[in-house]
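Participant: How does the following fold in three dimensions:
(chains A, B, C and D)
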There are 4 protein chains.
Amino acid sequence: MAIEQRTDSLRTDSMEAFYDELASKHMDALWRGRVAGTGTNGEPVVPYAPYRWAWTDIRPFVDRAAQLVRPGPDAERRVIQLIHPELTALRAASHTLTANVQLVLPGEIAPSHRHTTGAIRFIMEGTAAITIVNGEPVSMSPGDLVLTPGWCWHGHINQSEGPVMWMDCLDRPITVALRQALQEPYSDELQPATTPLGDSTARYGAGHLRPMGTHATSPISPLFSYPWADTERSLHELARFSSDPFDDVAFDYTNPLTGGHVMPTIGCRIQMLRPGVHTQAHRHSSVSVYHVFRGCGSSIVDGVQIDWEQGDFLTIPPFAWHEHLNPSSDEAVLFSTTDAPVLEALCLYREDAYTKTGGHQEVKA
Amino acid sequence: MAIEQRTDSLRTDSMEAFYDELASKHMDALWRGRVAGTGTNGEPVVPYAPYRWAWTDIRPFVDRAAQLVRPGPDAERRVIQLIHPELTALRAASHTLTANVQLVLPGEIAPSHRHTTGAIRFIMEGTAAITIVNGEPVSMSPGDLVLTPGWCWHGHINQSEGPVMWMDCLDRPITVALRQALQEPYSDELQPATTPLGDSTARYGAGHLRPMGTHATSPISPLFSYPWADTERSLHELARFSSDPFDDVAFDYTNPLTGGHVMPTIGCRIQMLRPGVHTQAHRHSSVSVYHVFRGCGSSIVDGVQIDWEQGDFLTIPPFAWHEHLNPSSDEAVLFSTTDAPVLEALCLYREDAYTKTGGHQEVKA
Amino acid sequence: MAIEQRTDSLRTDSMEAFYDELASKHMDALWRGRVAGTGTNGEPVVPYAPYRWAWTDIRPFVDRAAQLVRPGPDAERRVIQLIHPELTALRAASHTLTANVQLVLPGEIAPSHRHTTGAIRFIMEGTAAITIVNGEPVSMSPGDLVLTPGWCWHGHINQSEGPVMWMDCLDRPITVALRQALQEPYSDELQPATTPLGDSTARYGAGHLRPMGTHATSPISPLFSYPWADTERSLHELARFSSDPFDDVAFDYTNPLTGGHVMPTIGCRIQMLRPGVHTQAHRHSSVSVYHVFRGCGSSIVDGVQIDWEQGDFLTIPPFAWHEHLNPSSDEAVLFSTTDAPVLEALCLYREDAYTKTGGHQEVKA
Amino acid sequence: MAIEQRTDSLRTDSMEAFYDELASKHMDALWRGRVAGTGTNGEPVVPYAPYRWAWTDIRPFVDRAAQLVRPGPDAERRVIQLIHPELTALRAASHTLTANVQLVLPGEIAPSHRHTTGAIRFIMEGTAAITIVNGEPVSMSPGDLVLTPGWCWHGHINQSEGPVMWMDCLDRPITVALRQALQEPYSDELQPATTPLGDSTARYGAGHLRPMGTHATSPISPLFSYPWADTERSLHELARFSSDPFDDVAFDYTNPLTGGHVMPTIGCRIQMLRPGVHTQAHRHSSVSVYHVFRGCGSSIVDGVQIDWEQGDFLTIPPFAWHEHLNPSSDEAVLFSTTDAPVLEALCLYREDAYTKTGGHQEVKA
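Facilitator: This is a model prediction of the structure:
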């Protein structure tokens, strides 16, 4: 190799010509630019603003969608998507997880299909709808968490008297970024049930027991339903004993065969802010997409107070300082999803407590 | 090294003299003997016979012990030990796990202590006794499983109106074989409670949830109580969906933070034999020590039928073929402990189905 | 909730108006569109074409860069990036991993910095350059693999007589997609060495030994250098015993404390195609970015034959059928990086053998 | 249940009669006795004394055994066992691991068999013997570690000109205590080789590489040979960088697919005490069985100095304080086996540094 050291005369070589020639061969010079959003002094960068969607905005659209389209003929799903204003290209409420609202009216079916994208449902309103997951019927009532892990067949049916509505959260931005988003329609409208209601619950759901000889073979939970009655009782029980400084009374939902997150791509959390509580601030590299299931309150995110009430959705972006308040006299219950499982698996999870001014941020006017 | 090949003349060297000289220097010749119990053709060897202790035998001794000794002054614990007739040197119901019956009368205290030996309690009779485990009071009612893992302080107190009786199972033969059996008395009679009743249950016990940010740091369960109400409901739920060919309706108790066994040395199981069921036979390298919690039935072990009824204990040794029958019209519920976690960790677990004559052994007359 | 069933008259509601109103509130209707690239019949979709960069194209640019910019004053690194023509927005050779060529001339320093983005270097030419990783000097000679895991300080210095050139591969598209790409310059030009050359190699690199009491605490390899001499010897040893039907003689580099991939985001592989070999075809959900270290040959990717020779780079996209040929009489050695560790952790890894026509694709004219 | 509280009059019931009746029903009273060896104040108990076997004692017996028995016809193996004077019932050098010396003369075969008991060999003298492990021939030269994991067929053959001698270490006391010691002779004298010499080494042994697509499926190492040349180089490399306060320059041998111990029951270690070194004292719950491979020195065990030289064996029991000295001007190299993997798996491993008098024990006269 005979590379001579550069000389000033050679510098007359047009840099622009160089760049053009590189581009013609599908190359570039690293030093030309820096991809936006990278911190340059080691400090984490909050990549986009927090955003709240008001239930008073969402609800009318859901009602109108009920009149405009039917699942199946008109639309694979009757779903209103929440699109973060800075993430329109991703069509998602956050850069890794979507948050949408789905409605199924009495008598309707959202046809069975499957996709590598994993999904969870958190039921907001209505009772007794059914999701059939890989042949297993799973009931859907308010506060229930229902899993439809990646590549599981799933369809929804509402045989009740009233509409059923839930939060959908999918890891679609992750599977899209990784070029893994495959999808397949079921050969019929709705996959038939092959077990009675409650099969996975019977196996993995009651007590801390597993069928003799069962072992975890994957990080994906084999339990498809986490009923609200259990969750609510757990919140009240835990409240008697302990609380988290940043999230008050808060749980991660778990895979009963591993004790870890319910899926490798989506973590699910439930937290109760007791009346009068004001948590300390912290930040972490994971994103949280919140749904206000009960009550009202506020979150202070990077110094800005964001009020929320029942039905609202709120994205708290990575690295944003945040703390929660419940100045009301009723409990507030927040369900949220997080990409923490992904960051933990890739050694990218980080967390900091806010240590200034007693752990509380100053609120900007 | 200059070793000449042996010659016949050298053979006159007295072998016995050789062995004596070896012994004098604390050595031996491997070829002299074989340690008993080793199979020589690759077939597993059943190391000792199955053994059943009848409740009608045990109970009178427990009653007399109530009159003979008090926990504390007379005896650290008022415990009747089950000693397998072939394992008297180990003073244990099996070669790895003990099975004993403990009685605490109203007003009595079994003083706090700790030991590296892990223990579980399965409550047989009485209500509302308390075990204080590392400062946490845990309630004890029939059918509850209570853990006191290795090196946790634990004492028992009965503040109820009646006697409380339970099965103790300790991994003591294991810690003794490994020369790890340390013990320490608590500085006072009973370690005081430092949390309200139900702390670990609130954190890890309800639903499939873990306090936000909690992760497993050990294979030992942080949950100390597995209440019967949950267990019983689970058995009936599972019975609606599936059964195990060898154990009918059967669960392993789990550590909620790992999904694995409750302890690295003791696995706990609950199984329900439905009326009329006759399971297929199998064998495994692990031992099982059974307590009949409800009902009656039989087990056929290596061709011998062993009948059992409520209160009985039964040791099924490693590698013995066994199948279970419940010819009655009531459910039978068997609690058991097993050393399978140890064998799994050491790659020594093996299991075989009995494939002859339809999966059922011929019963010897 | 009082939603009336849709009626035809209501259908006159303008769908477009509905969509506009949704957009004004940062929402959308799921049924409007489908994100490009999703398979709709369950069949994997190859998201972009394979692409080869010829060394005869790359090399002249590297030479000119040597004359145009200096690392430090003019450019943080003198690096020519390979930009896949379909991935210009990502500025990367693949959707998850970059592949670039870096040059450091005698006497030059590429200043120390750190970033959450993990990186590996595979040395192409030159000898005796040094990378200082968290204070440990690591030598760089042709065929060596050098790791600079995420958030490790690293700088490069060339104190040899000749230029040193290597392949850089970073997981930057992943950390960018996950919004985790932080960066920090070191306070000085080059972080000083705090250990002699070879510290991590002494601890973890020779034999299958780990310093007494060491345990894995992370999936990131603590070993920073995988010298070519060991790798080459291993390839020739393995060739004597076995081969892989799809990749001939092929290894994954491992983290010595876990036996797993060297990093949770980047897998590194070395493979030797023996003279005359023609492998069978398979496809997998992971991407591979190849560098031809020695020899020449061809890969047939989705029916198209792509010839390559020493110095070339080749991206084989997810789900593309591919097989390799070495019709020459010399060994060909391919180094590659893969995002398989990410897909495995997220349960998205899939692999299929090509079973038609004897395992070989038909080559398109 | 109608148990009356004990009264003094009832106390006249003969305790001895009670115990006799219990015994007749295969029960006992827990309070009667305490199993020997249990600490009662929480302090670890050293269960037996350290013991050293001098090579000057062992060697003549090995020589005589060469003349007295042949492997095969006279003895399954020509092995001199080291029997700790306090462990004669176990016929072993420690309570968990045996340490024996095996000799195979030129032309001899130690016939193939297998047992659930795992074994390792550390070669002391001679060259070029072969162990065939599951059909793979593995060479045996001084300083090599050779594994014959549980239930692997293995036989030895010496086709060299001179005798070959090695240390055998088996986990037999563990498999016996767990009643898992099965054994099976091979159908012929020696299992034939089905691969060339070096197969597992080619796959797992060179560099930190694993054949593409290989993953750990068990904690048992798939690598059967750890050659001395690699080990020795590693010791000298590590010595340049760091040392352990208690063991000087010391490594654990590892399973390349997990980074953990080579077997779940036996940990293998190599350590070099550099000239002049005097380590600090510590104690741990695991036992160590040492073989002095090179050099001479001393260990102070619970205050007693034990001198050792090349060829000697030394058992350091659980919980004994120990420190090592090499007052000579040559390196001393100690190979040892340990049951630490078992204790770690069962959460029974403990370790303490000696903190008094500068970390060194007072030596008893």
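Participant: Against which helices or strands is the top helix by length along chain A packed?
Facilitator: Longest helix in chain A by number of residues (criterion: DSSP state H): helix A:55-68. The contact analysis (3 or more C-beta pairs under 8 Å, 6 or more residues apart in numbering or on different chains; DSSP states H and E) places helix A:55-68 against strand A:79-82, strand A:100-104, helix C:15-24, strand C:27-29. For the C-beta atoms, the positions are set from N, CA and C on the backbone; glycine is no exception.
Participant: Quick one: these as a markdown table, columns for mean pLDDT, distance to chain D and mean neighbour count too.
Facilitator: Listed next are the helices and strands packed on helix A:55-68 as a markdown table, based on pLDDT from 0 to 100; distance: least, C-beta to the nearest C-beta, whole Å; neighbours: other C-beta atoms under 10 Å in any protein chain shown:
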| stretch | mean pLDDT | distance to chain D | mean neighbour count |
| --- | --- | --- | --- |
| strand A:79-82 | 97 | 39 | 24 |
| strand A:100-104 | 97 | 37 | 25 |
| helix C:15-24 | 92 | 47 | 13 |
| strand C:27-29 | 93 | 42 | 21 |
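Participant: What are the boundaries of the strands in the stretch 201-350 of chain A?
Facilitator: A:209-211, A:225-226, A:249-253, A:267-273, A:282-284, A:288-294, A:296-301, A:304-309, A:313-316, A:322-325, A:332-338 (DSSP state E, counting those that start in this stretch).
Participant: what's the burial count for residue A:197?
Facilitator: Around residue A:197 there are 15 other residues, counting by other C-beta atoms under 10 Å in any protein chain shown.
Participant: hang on, the earlier thing: need the helices and strands packed on helix A:55-68 in CSV (columns: distance to chain B).
Facilitator: Below are the helices and strands packed on helix A:55-68 laid out as CSV (distance: least, C-beta to the nearest C-beta, whole Å):
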stretch, distance to chain B
strand A:79-82, 24
strand A:100-104, 24
helix C:15-24, 34
strand C:27-29, 29
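Participant: Would you mind giving these as TSV with distance to residue C:356 added?
Facilitator: Below are the helices and strands packed on helix A:55-68 laid out as TSV (distance: least, C-beta to C-beta, whole Å):
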stretch	distance to residue C:356
strand A:79-82	39
strand A:100-104	40
helix C:15-24	45
strand C:27-29	42
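Participant: Looking at these, spot the one closest to residue D:124.
Facilitator: Of all those, the one in closest proximity to residue D:124, counting by C-beta to C-beta, is strand A:100-104 (70.2 Å).
Participant: Determine the set of other helices and strands touching the closest one.
Facilitator: Using 3+ C-beta pairs under 8 Å, 6+ apart, strand A:100-104 is in contact with helix A:55-68, strand A:79-82, strand A:154-158, strand A:164-170.
Participant: could you dump the ones you listed to JSON lines with distance to residue B:355?
Facilitator: Converted to JSON lines, those look like this (distance: least, C-beta to C-beta, whole Å):
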{"stretch": "helix A:55-68", "distance to residue B:355": "59"}
{"stretch": "strand A:79-82", "distance to residue B:355": "52"}
{"stretch": "strand A:154-158", "distance to residue B:355": "39"}
{"stretch": "strand A:164-170", "distance to residue B:355": "47"}
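Participant: Of these, which is nearest residue A:93?
Facilitator: Comparing those by C-beta to C-beta, strand A:79-82 comes nearest, at 4.3 Å.
Participant: from chain A, which residue is nearest to chain D?
Facilitator: Residue nearest to chain D within chain A: residue A:217 (12.4 Å; C-beta to the nearest C-beta).
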